[in-house]
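Undergrad: Got a predicted structure plus its sequence, pasted below:
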Amino acid sequence: MLFRSSKKELKETLESRVIKLFYGAGSDRMLAYKQYGIKIRSLFDLELLVDLLGFEKKGLDAVGSEPFCLNRFSIL
C-alpha cells in the first residue's frame with residue numbers, strides 16, 4: 001500500500017508544532033527544505049536518545065528491539 005499526501009498536507013504536518021519522531025533526521029531535514037522548502041519543526045531525533053542511553057545496537061531497529069529500562073540509569 002502506498003501512502004500519498006499532497007505537498008500542502010506534508011508541509012502543514014512537518015511544520016506544525018506537533019512533535020515528530022525521526023531517527024537520523026539530518027538528511028531528512030535537508031531534503032525536505034531543499035526539495036519542498038519545508039522547515040521541519042518540533043522534531044525529536046531518536047538517534048540522540050540511542051547514543052545518550054548507550055544502546056549496544058545502533059539504528060532505528062535498536063529503538064524498537066532494545067528493552068527500555070530506566071532502572072539502568074540513576075539521576076542524582
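TA: Structure's in. What do you need?
Undergrad: Wait, residue 45 touches residue 29, no?
TA: No. Counting by CB atoms under 8 Å, residue 45 stays clear of residue 29, with 9.3 Å between them. C-beta here means a position set from N, CA and C on the backbone, and glycine is covered the same way.
Undergrad: what bits of the protein have low per-residue confidence?
TA: Across the chain, residues meeting the criterion (pLDDT under 70) sit at 1-2, 62-76.
Undergrad: for the nearest residue to residue 14 once chain neighbours are set aside, phi and psi?
TA: Leaving aside its sequence neighbours, residue 14 sits nearest to residue 40 (CB to CB, 6 or more residues apart in numbering; 4.7 Å). Phi and psi for residue 40, reported as degrees, to the nearest 10, are phi -70, psi 130.
Undergrad: pretty sure residue 40 is in contact with residue 29, am I right?
TA: Yes. Residue 40 is within contact range of residue 29, at 5.1 Å (criterion: CB under 8 Å).
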